[in-house]
Structure formats: structure tokens, C-alpha cells
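Visitor: Need coordinates for the below:
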Amino acid sequence: MYTIGHTTGYWHTAAGAKKLSFEFDVDGVRCYNSSGNHHLFELHRRYFVRFDSTNAQNSELLKYPAVPDTLVHIPAGGWTSLPVQH
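Guide: Residues are numbered from 1 along each chain as shown. The predicted structure follows:
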């Protein structure tokens, strides 16, 4: 499944690794996750998120394709495939 999330900040693990936090909504529930690929993403930007329909916490931020500014309606449960050409 796919939805749109946005990046919210950077943080460091106890071992010193830099992570990027992101959040997204699925069926009215706010989900939070992070990515170790912080260098690929900009802060406070929208990106597609791929998530497991049975466990939305199992998710990943996608660098490509870019989320168009014209895409404003996001179904509560997400999309079964990306809503743009890739």
C-alpha cells in the first residue's frame, strides 16, 4: 500500500548513526518511522511511503517518484499502487 508522508527531523542513535524521522496517516491513525537514508531526503517535504497493509509501522520512505503538488486528496487507507507514473 502507498500513502504520502512528510519528513519531520533528524536524530542520532545511541551508536551515533543519523536517522531521518517521518510521519504519515493511515485510516486516521498517525504513524511514525525513521530512515537511515537521511542523505536522500529533505526536511519538511512530502514523499510517498510504502507500507504493509496489516502493519503500517512496517513502512519505508520512497525518494522516487516525487509527490506532485497537485496531489492533495489521500485516501484514508492509502492506494494499492502509486497514483502517479513512475
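
Visitor: what about the strands in this structure?
Guide: In the chain, the strands defined using DSSP state E lie at 2-12, 18-26, 29-35, 46-52, 55-62.

Visitor: what's the second one packed up against?
Guide: Using 3 or more C-beta pairs under 8 Å, 6 or more residues apart in numbering; DSSP states H and E as the contact test, the elements touching strand 18-26 are strand 2-12, strand 29-35, strand 46-52, strand 55-62. (Each C-beta comes from the backbone N, C-alpha and C, glycine too.)

Visitor: Mind checking the pLDDT average for the last one?
Guide: Averaging pLDDT along strand 55-62 yields 96.

Visitor: What's the local residue count around the nearest residue to Y2 once chain neighbours are set aside?
Guide: In space, and not counting its chain neighbours, Y2 is closest to W79: 4.7 Å by C-beta to C-beta, 6 or more residues apart in numbering. Neighbours of W79 under the rule other C-beta atoms under 10 Å: 14.

Visitor: OK, contacts around W79?
Guide: M1, Y2, T3 (C-beta atoms under 8 Å, 6 or more residues apart in numbering).

Visitor: so which of the residues you listed is the most crowded?
Guide: Result: T3 is most packed of the contacts of W79 (other C-beta under 10 Å), 22 neighbours.

Visitor: what's the closest non-adjacent residue to that one?
Guide: Nearest non-adjacent residue to T3, counting by C-beta to C-beta, 6+ apart: G78, 4.0 Å away.

Visitor: where does the chain have low pLDDT?
Guide: Within the chain, not a single segment meets pLDDT under 70.

Visitor: 80 instead, please
Guide: 86 (pLDDT under 80).
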